[in-house]
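*Asks:* here are the coordinates; sequence isn't available:
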């Protein structure tokens, strides 16, 4: 049976997210990823701490946090604190940040490759208990350190760009390939493996998308395809037949909310990103995708928190059939 985890975006109350995490633990999901979406959601670390205190075995981490809106050293300290609180169940997921998170804060993403690399390297040193002096291109640390980190804390990376994935393959403990264009998965995985070969690294690979056994759920996905489509590489947009004007229109409409922007997302842009069908059909496709690309873990994206209880049950059934 495939190892499975779940992403729970804290768009609902912390209490609600905690309840879903407890349900996921009971159903056998191995970890909860909590995204940092800035002002669009509850605070990621408050939510993670609450989940850690209310669960016993499930791992909990950022899915993802960026190195722009939070200093990587304080992020590392927060993860180490939650790891201590949870008895060693925390992990750190990094990415370069997306439009949903950074645009409302007026933050741009200069030199994302450098920012992410320095964030991962600094976090690893801090988890190892080192005193870090760094005059980096993206951050400065002077005599920085703490004594409550765990040296083998997993550091994951989530992203789409080939250069980012190549770098992640070289330095990260795991790479999350989340809500990507399925026909292009070979390219994404290939970039990770090529990077890993340059350093001899052996990162775990996690594949993530939405599983739809009830066709009505495509409407839950549509609003959340907006920022994913806007942030997709140009070659994926071209394959989808999405023009620059259409991408720009979605980006502008996001200013009025994801529901409004989602009305501009066509069905044919959603289907190549998700797994759809009956329980048996979804199980067969999921097994095929995981095997074909050598993924170690599957992570379910929960698009609609209101329907999450039933979705967790449905996808647990799919995973059990793999």
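*Replies:* Done, it's in. These numbers were taken from a predicted model, which means no experiment stands behind them.

*Asks:* every contact and neighbour count from this point should use C-alpha atoms.
*Replies:* Noted.

*Asks:* apart from its chain neighbours, what residue comes closest to residue 317?
*Replies:* residue 279 (7.2 Å; C-alpha to C-alpha, 6 or more residues apart in numbering).

*Asks:* check contacts around the one you found.
*Replies:* By C-alpha atoms under 8 Å, 6 or more residues apart in numbering, the residues touching residue 279 are 213, 314, 317, 318, 321.

*Asks:* chain center to stretch 109-120: distance?
*Replies:* 17 Å (C-alpha atoms, centre = their mean, to the nearest Å).

*Asks:* I'd like the numbering to begin with 27 instead of 1 from here.
*Replies:* In the new numbering, first residue 27, that becomes stretch 135-146.

*Asks:* now it: buried residues?
*Replies:* 138, 139, 140, 141, 142, 143, 144, 145, 146 (16 or more other C-alpha atoms under 10 Å).

*Asks:* export those residues to JSON lines and tack on distance to residue 76, secondary structure and pLDDT?
*Replies:* Shown next, in JSON lines, are those (distance: C-alpha to C-alpha, whole Å; DSSP: H, G, I helix; E, B strand; the rest coil; pLDDT from 0 to 100):
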{"residue": "138", "distance to residue 76": "31", "secondary structure": "helix", "pLDDT": "90"}
{"residue": "139", "distance to residue 76": "32", "secondary structure": "helix", "pLDDT": "93"}
{"residue": "140", "distance to residue 76": "32", "secondary structure": "helix", "pLDDT": "94"}
{"residue": "141", "distance to residue 76": "29", "secondary structure": "helix", "pLDDT": "93"}
{"residue": "142", "distance to residue 76": "27", "secondary structure": "helix", "pLDDT": "95"}
{"residue": "143", "distance to residue 76": "29", "secondary structure": "helix", "pLDDT": "96"}
{"residue": "144", "distance to residue 76": "29", "secondary structure": "helix", "pLDDT": "96"}
{"residue": "145", "distance to residue 76": "25", "secondary structure": "helix", "pLDDT": "96"}
{"residue": "146", "distance to residue 76": "25", "secondary structure": "helix", "pLDDT": "97"}
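
*Asks:* now tabulate those in a markdown table and tack on distance to residue 213.
*Replies:* Output for those, formatted as a markdown table (distance: C-alpha to C-alpha, whole Å):
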| residue | distance to residue 213 |
| --- | --- |
| 138 | 20 |
| 139 | 19 |
| 140 | 22 |
| 141 | 23 |
| 142 | 21 |
| 143 | 21 |
| 144 | 25 |
| 145 | 25 |
| 146 | 23 |
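
*Asks:* closest to residue 231 among those?
*Replies:* residue 146 (17.0 Å; C-alpha to C-alpha).

*Asks:* so that closest one sits against residue 181, correct?
*Replies:* Yes. The criterion here is C-alpha atoms under 8 Å, and residue 146 meets it with residue 181 at 7.2 Å.

*Asks:* got a pLDDT number for the nearest residue to residue 209 once chain neighbours are set aside?
*Replies:* Leaving aside its sequence neighbours, residue 209 sits nearest to residue 298 (C-alpha to C-alpha, 6+ apart; 7.2 Å). pLDDT recorded at residue 298 is 93.

*Asks:* try residue 261
*Replies:* 85.
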